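Can you look at this prediction? I've put the sequence above it.
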Amino acid sequence: MMYMDHAATSWPKPKQVGEAMVSFMETSGGNPGRSGHALSIRAGCVVYDTRELVAEFFGVGDPMRVIFAPNVTFALNLAMLGLLKSGDRVVTTSVEHNSVMRPLRALEADGLELEVMACGADGLLDLSVAEQAITPGTRLVVLNHASNVMGAITPVAEVVEMAHRAGALVLLDAAQTAGALPIDMGALGVDLLGFTGHKGLLGPTGTGGLILGEQFDPEQLQPLLRGGTGSNSEYEQQPEMLPDRFESGTGNSVGLAGLYAGLSYVMAQGVAEIRQHEAQMTRLLLDGLAAIPGVTVYGPEDAEKRTCVISLTAEHLPASEIGFRLDDEFGIMCRVGLHCAPSAHKTIGTFPDGTVRLAAGYSNTEQEIEWVVDAVGEIVTT
Amino acid sequence: MTDYGVVLFHTTSAALRGEKILKAAGIVVKLIPVPRELSSSCGISLRFLWPDAERVQGMLLSAKTDFEGVHQLVGK
C-alpha cells in the first residue's frame, strides 16, 4: 500500500500526533478559557502553546494574530467575507481552489469587481499579467502559494510588492505550502494568510486558521461568527480583542493538541530539509513519467518552481480508470478528477475530464516513486 | 499573611501568555479564577506576590502583552 495523496491530507501522521490527542483527552479535557479550574487551564495552555508555535513557524511576532479555524476554507472565507464590500475590486489567479473562487464568485454576484489573472498553461503566473491587473484602488489580491492541481509556485514576494504599491492587501492561501515551503509572513509582507493543519503541518483534520500580518489592522475585518468567547461576558457585544474577536464557540482543542505535535515534528525536521526531500521525489517522478509514451505531465518543468503535486493524463485512458487501477492493482492511492479547482483545470487544458494527481510527501521514499512510475507505465502501455 | 496582587486580562490567551513570560523570568505566579470583587473580561487572572508588582507590570508592558490592570489583594 502506498499513499500518494498528500495534497489532500498527509498520511501517516507522526506517532506523536495521535499520542498528544489521546493524552489531551485523558488529562487536559476542560474547556479552554471558559472556567478557572485546573483542567480548563491545562486545556487553555495547550491551545495557547499551539498558537505560539504557529506564530513562530510563520514568522509572526504576536501569537494573538493567529486565529484558529476549523479549516483553511473557513479561514479564507473569514478573510474575504469579513473584509470585502460591494464595489471593492479584487484580483485573483486562474489557478485558485474553489475555497477562494466560490466565495469570490458569490461576492461578485453581490457587486464585487473581480478580475481573474490568467496563468500560463504550466500554471505559473506571469508577473507582467499581475502588473496589468493590480491597478491602484484594488482592495485585495488573493493568491494561492502553490496550486493544488499542478504544483506551480506563485512568485508571492513580487506580487505582494506590486499589490502594496497599488494600495491593495494580499491574502495568501497556504493550504499546499505550509510545511512544504519555507514561509516567513513578515519577510513576504503578506497581510493575511490561511493555513491548514492537516496537510504539510502533519496535524489532524479540523485544524487550521487565519494569520493576520503585523501591519494588518484587525478592525477592518468583521468576524464571520459571533458568540461565546469566555471573555467580556458581561457584554452582549462581540469583544474587540484578538484572538477572541474571531474565535467564538468552543474550539477544536484536542485537534490543536495534535497540531502542536505535528508542527513540532515538522520544525524538528526543518522545512528546508522537507523541501529538499520532496523536490527530489518530484524530480524522480517527473523524469520517470516523461519517459512513458502517451503520458502528459502538467505544470512547470523546473522542479524548483513547483511543489510535489503532479498532474498527468494519458492518451485514450480516462483519469478515473488510471486512478482506479493504481489503487486496485498496485495499492497506490491518489486523487483523480478536478480537485475542487475547475478554473485551474481550464488553465492547463484538462477541464472537464480532470487529471490523475500524484502528490508525494515527507513519508514517501525514492523506491516508492520508482514503483509509482512503473505502475503508471504498466497501466498506460498494456 | 501575604499580600497578593492579580493581573486581569482581556482574553484567556493573553493571561496564558502573561503566565509564560513571568514564569520564564522566575516570578512566582499562579493562574486563578478572577476574584469576585474585581470585574474582569476573562475568567482567569494571574496571582503574584505584591512586592513583585512593579516587575510584573514592567515585564508585561515590555512584552506588549495586553492586560487590563494590576490590583492588590490585601490579606488574602
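Cool, got the structure. Residues are numbered from 1 along each chain as shown, chains lettered A, B, ... in the order given.

Next, count neighbours for the residue of chain B found nearest chain A.
For chain B and chain A, the shortest gap (Cβ to the nearest Cβ) falls at residue B:33, measuring 2.8 Å. C-beta coordinates here come from the backbone N, C-alpha and C atoms, glycine included. Using other Cβ atoms under 10 Å in any protein chain shown, residue B:33 has 14 neighbouring residues.

what about the closest residue in space to residue A:164 that isn't next to it in sequence, neighbour count?
Distances taken as Cβ to Cβ, 6 or more residues apart in numbering or on different chains place residue A:189 nearest to residue A:164, at 6.6 Å, with adjacent residues excluded. By the measure other Cβ under 10 Å, the count of residues near residue A:189 is 18.

Residue A:237 now?
7.

part of a strand, is it?
No: secondary structure assignment (DSSP: H, G, I helix; E, B strand; the rest coil) places residue A:237 in coil, not in a strand.

Report the buried residues of stretch A:127-136.
Neighbour-count burial for stretch A:127-136 flags A:130, A:133-134 (criterion: 16 or more other Cβ atoms under 10 Å in any protein chain shown).

same question but for stretch A:103-113, I mixed them up
A:103-104, A:107, A:112.

again, but for stretch A:153-161
Buried, per 16+ other Cβ under 10 Å, within stretch A:153-161: A:153-154, A:156, A:159-160.

Residue B:51 in helix, strand or coil?
From three-state DSSP, the assignment for residue B:51 is helix.

so the residue of chain B closest to chain A sits right up against residue B:46, yeah?
No: in this structure residue B:33 lies outside contact range of residue B:46 using Cβ atoms under 8 Å: 11.3 Å.

what does chain B put close to chain A?
Applying Cβ under 8 Å from any Cβ of the partner chain, we find that chain B lies next to chain A at B:10-14, B:16-17, B:20, B:31-34, B:39, B:41-44, B:64, B:66.

Which of those fall in helices?
B:12-14, B:16-17, B:20 (DSSP state H).

Filter the buried residues of stretch A:127-136 to keep only those in contact with chain B.
Of the buried residues of stretch A:127-136, not one also sits near chain B (Cβ under 8 Å from any Cβ).

And those residues, which is closest to chain B?
residue A:134 (32.8 Å).

pLDDT value on that closest one, please?
Model confidence at residue A:134, expressed as pLDDT, equals 98.

you'd agree it is up against residue A:169?
No: between residue A:134 and residue A:169 there is no contact under Cβ under 8 Å: 11.2 Å.

hey, what's in contact with both of these two?
Residues touching both residue A:134 and residue A:169 (Cβ atoms under 8 Å, 6 or more residues apart in numbering or on different chains): A:141, A:163.

Quick one: residues contacting the closest residue to chain B within chain A.
Chain A approaches chain B most closely through residue A:36 (2.8 Å), counting by Cβ to the nearest Cβ. Residue A:36 is in contact with B:31-34, B:43-44, counting by Cβ under 8 Å, 6+ apart.

ok, 6 Å please
By Cβ atoms under 6 Å, 6 or more residues apart in numbering or on different chains, the contact list for residue A:36 reads B:33, B:43-44.

Next, work out how far apart the nearest residue to it once chain neighbours are set aside and residue A:41 are.
Excluding the flanking residues, the one nearest residue A:36 by Cβ to Cβ, 6+ apart is residue B:33, at 2.8 Å. Per Cβ to Cβ, to the nearest Å, residue B:33 is found 10 Å from residue A:41.

and stretch A:134-150, C-alpha only, in CSV?
Output in CSV follows, covering the C-alpha atoms of stretch A:134-150 (Å, rounded to 0.1, in the frame of the first residue of the first chain):
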residue,chain,number,x,y,z
ILE,A,134,-3.3,45.1,-9.9
THR,A,135,-4.4,48.6,-10.5
PRO,A,136,-4.5,51.4,-7.9
GLY,A,137,-7.7,51.1,-6.0
THR,A,138,-7.6,47.3,-5.9
ARG,A,139,-8.7,46.3,-2.4
LEU,A,140,-7.4,42.8,-2.2
VAL,A,141,-5.2,40.3,-4.1
VAL,A,142,-5.9,36.7,-3.4
LEU,A,143,-3.2,34.2,-4.3
ASN,A,144,-2.5,30.5,-3.7
HIS,A,145,1.1,29.9,-2.7
ALA,A,146,1.1,26.8,-4.8
SER,A,147,-1.5,25.1,-7.0
ASN,A,148,-3.2,22.0,-5.6
VAL,A,149,-3.5,20.7,-9.2
MET,A,150,-0.1,21.0,-10.8
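
And the strands in chain B?
B:4-9, B:29-33, B:44-49, B:67-73 (DSSP state E).

Just give me the residue closest to the centre of chain A.
residue A:175 (0.2 Å; Cα atoms, centre = their mean).

Secondary structure of that one: a strand, I assume?
No: Residue A:175 is assigned coil when assessed by three-state DSSP, not a strand.

per-residue pLDDT, it?
Predicted confidence (pLDDT) for residue A:175: 98.

Residue B:40 now?
pLDDT, residue B:40: 61.

Run through the bridge partners of residue A:313.
residue A:296 (DSSP bridges).

Which element, helix or strand, includes residue A:324?
Using DSSP states H and E, residue A:324 sits within helix A:319-330.

Just the CA trace of that helix, in PDB.
What follows is helix A:319-330, C-alpha atoms only, in PDB (Å, rounded to 0.1, in the frame of the first residue of the first chain):
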ATOM      1  CA  ALA A 319      -8.000   9.600 -15.400                       C
ATOM      2  CA  SER A 320     -10.600   7.800 -13.400                       C
ATOM      3  CA  GLU A 321      -9.500   4.500 -15.000                       C
ATOM      4  CA  ILE A 322      -5.900   5.100 -14.200                       C
ATOM      5  CA  GLY A 323      -6.700   6.100 -10.600                       C
ATOM      6  CA  PHE A 324      -8.800   3.000 -10.100                       C
ATOM      7  CA  ARG A 325      -6.200   0.700 -11.500                       C
ATOM      8  CA  LEU A 326      -3.400   2.300  -9.400                       C
ATOM      9  CA  ASP A 327      -5.400   1.600  -6.300                       C
ATOM     10  CA  ASP A 328      -6.900  -1.700  -7.200                       C
ATOM     11  CA  GLU A 329      -3.900  -3.400  -8.800                       C
ATOM     12  CA  PHE A 330      -1.000  -1.600  -7.200                       C
END
